[in-house]
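Engineer: here is my input; please provide its structure:
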Amino acid sequence: MEAKARFLEECDYAAEQRNQARFGTLFANDGSIVVPAVHPDWSSGRVLTTAWQDGRGLDSFVEHATQEERDGAGRALYQFYIGTLYRHGLFNADPHPGNLLFRYDGRIAVLDYGCVRAFDSETVAALIALSRTVRETTTPACVKRCGSWERTTPGRGLRSRRRAT
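Structural biologist: Okay, the predicted model is just below:
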């Protein structure tokens with residue numbers, strides 16, 4: 001059910017337009033990420049028109065970029081994908097390399113907002129806790145943390161089990 005809903009969202013250009021506009025607002029003043037502006041007058045439920053972005057693909061970027069540029073791109077993409085999830089509960093679930101253009105001004109244009117998922121604050125907190133556990137503890141602690149999650153109905157996300165005290 002969840003997969004079907006996400007697949008159908010990919011074909012909903014009105015929803016993609018709203019998602020892209022939302023990310024555009026979040027990254028309007030960002031020095032590393034560019035979200036192409038949507039042209040609503042030239043878009044519809046079947047067509048999405050955005051501002052043209054010029055840049056090179058991932059393979060070309062990796063081949064020609066310095067280590068410092070690659071490190072900066074990694075930080076920027078982490079902030080885009082994971083930072084947006086942690087701060088705003090939004091996740092762009094299509095991190096395909098073809099959706100990235102490495103611009104000549106050093107910024108990264110992120111394309112394709114058809115598969116965006118919003119998460120409630122409880123789920124985001126659980127993901128943050130899991131990430132922290134993975135970074136800071138041993139394998140048994142990670143297994144214990146993962147075991148504290150239960151799957152709820154499709155579309156409702158992961159929740160941390162509440163223990164009676």
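
Engineer: name the element residue 117 belongs to?
Structural biologist: strand 116-118 (DSSP states H and E).

Engineer: show me how far whatever helix or strand comes next after that strand is from its chain's centre.
Structural biologist: Following strand 116-118 in sequence order, the next helix or strand is helix 121-136 (DSSP H and E). The chain centroid and the centroid of helix 121-136 are separated by 16 Å, computed with CA atoms, centre = their mean, to the nearest Å.

Engineer: can you list the buried residues in helix 121-136?
Structural biologist: Applying a neighbour-count criterion of 16 or more other CB atoms under 10 Å, the buried positions in helix 121-136 are 123-124, 126-127, 130, 133. For glycine as for every other residue, the C-beta is placed from the backbone atoms N, C-alpha and C.

Engineer: nearest to residue 33, of the residues you listed?
Structural biologist: Checking those against residue 33 by CB to CB gives residue 124 as the nearest, at 19.9 Å.

Engineer: in contact with the residue nearest to residue 127 when sequence neighbours are not counted, which residues?
Structural biologist: Spatial nearest neighbour of residue 127, excluding adjacent residues (CB to CB, 6 or more residues apart in numbering): residue 85 at 7.0 Å. Contacts for residue 85 (CB atoms under 8 Å, 6 or more residues apart in numbering) come out as 91, 119, 124, 127.

Engineer: any idea which helix or strand comes after the regular element (helix or strand) spanning the first one?
Structural biologist: Going back to what we said before, that points to residue 91. Taking DSSP H and E as the criterion, the element that holds residue 91 is strand 90-92. Using DSSP H and E, the helix or strand that directly follows strand 90-92 along the chain is strand 100-102.
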